[in-house]
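Visitor: Generate a structure from the sequence data that follows.
(2 chains)
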Protein chains: 2
Amino acid sequence: MEYKITVMKNAFYAQSGGVTSVINCSAYGVISKFKKDFSDSNIYASKNGIVGLLEGELYDLSKTKKPFENLLEMPGGIFGSCRYKLPDLDDESFYKKLFDQLDKLLIGYFFYNGGNDSADTCLKVSKAAEKYGYDLKAVAVPKTIDNDLAVTDNCPGFGSVAKYVAISAKEASLDVKSMCKTSTKVFVLEVMGRHAGWIAAAGELANNAKQTFVHKILLPEVSFDEDKFLNGVEKDVGEHGYSVIVASEGLKNENGELYASSTETDSFGHNQLGGLAPKIASLITEKLGLKNHWSVADYLQRSARHISSLTDIEQAVAVGKAAVKLAAEGKSGVMPVIKRISDSPYEWSISEGDLNEIANEEKTLPKHFISSDGFGITKAGRDYLQPLIEGESFPKFYNGIPIYEGLDLHLRKI
Amino acid sequence: MEYKITVMKNAFYAQSGGVTSVINCSAYGVISKFKKDFSDSNIYASKNGIVGLLEGELYDLSKTKKPFENLLEMPGGIFGSCRYKLPDLDDESFYKKLFDQLDKLLIGYFFYNGGNDSADTCLKVSKAAEKYGYDLKAVAVPKTIDNDLAVTDNCPGFGSVAKYVAISAKEASLDVKSMCKTSTKVFVLEVMGRHAGWIAAAGELANNAKQTFVHKILLPEVSFDEDKFLNGVEKDVGEHGYSVIVASEGLKNENGELYASSTETDSFGHNQLGGLAPKIASLITEKLGLKNHWSVADYLQRSARHISSLTDIEQAVAVGKAAVKLAAEGKSGVMPVIKRISDSPYEWSISEGDLNEIANEEKTLPKHFISSDGFGITKAGRDYLQPLIEGESFPKFYNGIPIYEGLDLHLRKI
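Guide: Numbering: from 1, shown residues only, chains lettered A, B, ... in the order given. The predicted structure is shown next:
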């Protein structure tokens, strides 16, 4: 292959995987830093992740009139995201197509904003560029609400969902407490986290030294013991009058199978469409006869920009900027990672991670963060989680709701 | 019966029914106004609604040290609520017990903060007082997220849940929009409202003249037509790439039965524990084969003080104060109601409602608020809803979450 790449290199930015309330803050970090440091170059944002590049649909950001600062107040992925697995490196025709597309726009910097799978994509692109002789610096930008990326101390996107869970659990707990005398005695909040319990663990942050708002946390890391759980809930209700449970969707039974993907079938004979919370609620109704309510936060938790953590926003911007710096230094196949210097006062810095150690890896909750009974979070876990939810940065409101104005986007087809 | 009631009368305040994020604001209205206008008297708050009075457990608010202003930033019902139906007026022994209890604390003013059922309680107490010769002014204070109380233009508690729904739907919609190219194409948000669709209707407030964030609203007032709905969703996905649905838990089939309380049974042979959202999601999966996500907001929506409407807070305080004024004027069996003067600019005032017209009545969404296809809200509906969600009043935060400090409460057993 021959590529016409020149000294004047442009940049490519894309969002990938499940979005967060602050992924657009990382976009802001990449875009603002690139525009500042490479003022003669242009940056293109791919429509719907890598898919836009392959289909020849990109946004020409040089044409955008609205301020990029709008990205700091906008949940979801403004350019569109995707779930798409790249083929093996030896698929020459695929990568030839990919580099041809990049070459059309003189792209020498490739920024891919996502989680484990996206780190895999970025690593493949970096290796393929080397293999097929395309001059490209491919840098991943970390993002995932799951907080399960290796190497980095935490992941942008997680702090905000943790804050959402802690606030929601505290608020719902005050509600149940009011009702428990004659009505609802148990409340179950289902949160995300199919393999790692970081998000559910954040329920602990609702509690403080004086008061317990969340009584039980159900983690994928601890196999679910129905009897022990039910005994615990009964004890909570006896002691406090009510019990509040934050449960991870990824809760598993003793065989390591998802507890929620039950053998129950719906009227069509298909497996019942999930929902861990209704299953736990059903269990409590059947076995304890306690009136309960349940909630499934689902996308609400990861899109709640109105209550994002300021720490999270700052880190999301910082990793975006750091990615540009790494690329400018000639690095490829790397990702900026967050390094914790101290818990309290919270201090952190950005360093460099190797994508070979990050791609497809998954970091679960360490054992010493889980209390001995398996239903709570230790002080060590709490000390880790606490700083990540700190600080508020409310968006601008109009007519009673956040504006989320976004950008004017100008499609360029190639 | 002989009662020792004197000129110096004390007050009784209780919270009843499902709580809201601003019911404590009404408590603040009652307490602050009573303490100001009746500075020689005392006010007692019943623990867990009328149940506390019957069981002889009340909080003596003269002993509370923390500022009552804390009530303005505290979701749930701080004194505890109850679901409890009073017997008929001719149950002399019951009412004798009730008035004996009130008499022990020299109570001459009875403030009952709740919805339809609570208005019934307050009306019965007012009539019984007359019947059994106890000198009491019983005034209801309106509260309900359902917005279904008769006579009043709207109900404190509703504006905040409407704001929560509009914000959450807008945020989740931005998430789905990001994902729809290669993943989730439909999102269903289930909200409360068993008989009236006011809360689901608030999903419309996510939309604006330029952009549609919520594509379908499912109301209890419109019998659910599966085919028409599925066709609509398919059309949304064709046009926009995705579809966002806000659905009321009270959605009904053509026979007027709850659509969610299906005939499906769980592994115990019992009816599947509800959840309209998973049922709608299941329908979409089966019939359209579109990947979807769903959320059930449940208690999160009605306890989300972090995002309460300022208009709602102001009205909640105002009805509390107005209740004291009505009682001071010697009124009984009444409730302060909100009267709308104009939509835009929004102007309102407080007037007096007769509990005979309010107790046990239910106000559903009027026909002219529902669009002709049954899946949307008209301009008239939008004009009605819009002012109720306006204004923000964020609570104080500490360690990344709202403080919700509450009050020190001192139990007095009688």
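Visitor: Just the pLDDT for the residue in the stretch 151-300 of chain A that chain B sits nearest to.
Guide: Closest contact between the stretch 151-300 of chain A and chain B, by C-beta to the nearest C-beta, is at A:L174 (3.3 Å). From N, CA and C alone the C-beta is placed, and that goes for glycine too. Note for A:L174: predicted pLDDT of 98.
Visitor: wait, doesn't A:K413 sit right on A:Y59?
Guide: No. If you go by C-beta atoms under 8 Å, A:K413 and A:Y59 don't touch, sitting 10.8 Å apart.
Visitor: more neighbours, the two?
Guide: Higher neighbour count among A:K413 and A:Y59: A:Y59, with 23 against 8, using other C-beta atoms under 10 Å in any protein chain shown.
Visitor: show me the contacts for that one.
Guide: Under the criterion of C-beta atoms under 8 Å, 6 or more residues apart in numbering or on different chains, the neighbours of A:Y59 are A:44-47, A:79, A:409-412.
Visitor: Kindly recompute the last result at 7 Å.
Guide: A:44-45, A:47, A:79, A:409-411 (C-beta atoms under 7 Å, 6 or more residues apart in numbering or on different chains).
Visitor: Just the buried ones out of those, please.
Guide: Neighbour counting with 16 or more other C-beta atoms under 10 Å in any protein chain shown marks A:44-45, A:47, A:79, A:409 as buried within the contacts of A:Y59.
Visitor: Cross those against strands and list the overlap.
Guide: A:44-45 (DSSP state E).
Visitor: could I get the contacts of A:Y59 as a markdown table with distance to chain B?
Guide: Converted to a markdown table, the contacts of A:Y59 look like this (distance: C-beta to the nearest C-beta, whole Å):
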| residue | distance to chain B |
| --- | --- |
| A:Y44 | 17 |
| A:A45 | 12 |
| A:K47 | 8 |
| A:F79 | 8 |
| A:L409 | 12 |
| A:H410 | 17 |
| A:L411 | 14 |
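Visitor: Would you agree the residue of the stretch 151-300 of chain A closest to chain B falls within a strand?
Guide: No. Counting by DSSP: H, G, I helix; E, B strand; the rest coil, A:L174 is not part of a strand but helix.
Visitor: Quick check, it in contact with B:G76.
Guide: Yes. A:L174 lies in contact with B:G76 (C-beta atoms under 7 Å); the separation is 3.3 Å.
Visitor: How about the residue at the greatest distance from the centre of chain A, nearest residue that isn't a chain neighbour?
Guide: What lies farthest from the middle of chain A is A:T182; by C-alpha atoms, centre = their mean that is 38.9 Å. Nearest non-adjacent residue to A:T182, counting by C-beta to C-beta, 6 or more residues apart in numbering or on different chains: B:C82, 4.4 Å away.
Visitor: What helix or strand is that neighbour located in?
Guide: Taking DSSP states H and E as the definition, one finds B:C82 inside no helix or strand.
Visitor: Give me every residue in the stretch 101-250 of chain A lying close to chain B.
Guide: Applying C-beta under 7 Å from any C-beta of the partner chain, one finds that the stretch 101-250 of chain A approaches chain B through A:163, A:166-168, A:170-172, A:174-179, A:181-183, A:187, A:205-206.
Visitor: What's the separation between the closest residue in space to A:S351 that isn't next to it in sequence and chain B?
Guide: Distances taken as C-beta to C-beta, 6+ apart place A:K339 nearest to A:S351, at 4.9 Å, with adjacent residues excluded. A:K339 is 21 Å from chain B, where distance means C-beta to the nearest C-beta, to the nearest Å.
Visitor: What are the phi and psi values at A:K339?
Guide: Torsion angles at A:K339 (phi, psi; degrees, to the nearest 10) stand at phi -110, psi 130.
Visitor: So what pairs up with it in the strands?
Guide: A:K339 forms beta bridges with A:S349, as assigned by DSSP bridges.
Visitor: if we can go back for a sec, hey, what's in contact with both of A:L174 and B:G76?
Guide: Shared contacts of A:L174 and B:G76, counting by C-beta under 7 Å, 6+ apart, come down to B:S303.
Visitor: Between these two, which has more neighbouring residues?
Guide: Taking neighbours as other C-beta under 10 Å, A:L174 and B:G76 compare with B:G76 leading, 29 against 25.
Visitor: burial measure for A:S62, as a count.
Guide: Neighbours around A:S62, by other C-beta under 10 Å: 13.
Visitor: Next, the contact list for it, please.
Guide: A:N42.
Visitor: is it fair to say it lies in a helix?
Guide: Yes. If the criterion is three-state DSSP, then A:S62 is within a helix.
Visitor: Any figure for the gap between it and chain B?
Guide: Applying C-beta to the nearest C-beta to A:S62 and chain B gives a distance of 23 Å.
Visitor: Poorly predicted segments of chain A, please.
Guide: A:1-8, A:262-274 (pLDDT under 70).
Visitor: Can you show me the helices along it?
Guide: Here chain A has its helices, by DSSP state H, at A:23-37, A:50-55, A:92-104, A:116-132, A:158-179, A:198-201, A:226-240, A:276-288, A:299-303, A:310-328, A:355-358, A:379-385.
Visitor: Tell me which of the ones you listed sits nearest to B:I403.
Guide: Checking the helices of chain A against B:I403 by C-beta to C-beta gives helix A:158-179 as the closest, at 9.8 Å.
Visitor: okay, the closest one in CSV with CA atoms only?
Guide: Listed next in CSV are the C-alpha coordinates belonging to helix A:158-179 (Å, rounded to 0.1, in the frame of the first residue of the first chain):
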residue,chain,number,x,y,z
PHE,A,158,-17.5,5.6,36.9
GLY,A,159,-17.4,8.5,39.4
SER,A,160,-20.6,10.0,38.1
VAL,A,161,-22.6,6.7,38.1
ALA,A,162,-21.3,6.0,41.6
LYS,A,163,-22.5,9.5,42.7
TYR,A,164,-25.9,8.8,41.1
VAL,A,165,-26.2,5.4,42.9
ALA,A,166,-25.2,6.9,46.3
ILE,A,167,-27.6,9.8,45.9
SER,A,168,-30.5,7.7,44.6
ALA,A,169,-30.1,5.0,47.3
LYS,A,170,-30.0,7.7,50.0
GLU,A,171,-33.1,9.4,48.7
ALA,A,172,-35.0,6.1,48.2
SER,A,173,-34.0,5.0,51.7
LEU,A,174,-35.5,8.1,53.3
ASP,A,175,-38.7,7.3,51.3
VAL,A,176,-38.9,3.6,52.5
LYS,A,177,-38.1,4.7,56.1
SER,A,178,-41.2,7.0,56.0
MET,A,179,-43.4,4.2,54.7
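Visitor: ok so, going back, narrow the residues of the stretch 101-250 of chain A next to chain B to those that are buried.
Guide: Neighbour counting by 16+ other C-beta under 10 Å classes A:163, A:166-168, A:170-172, A:174-179, A:181-183, A:187, A:205-206 among those as buried.
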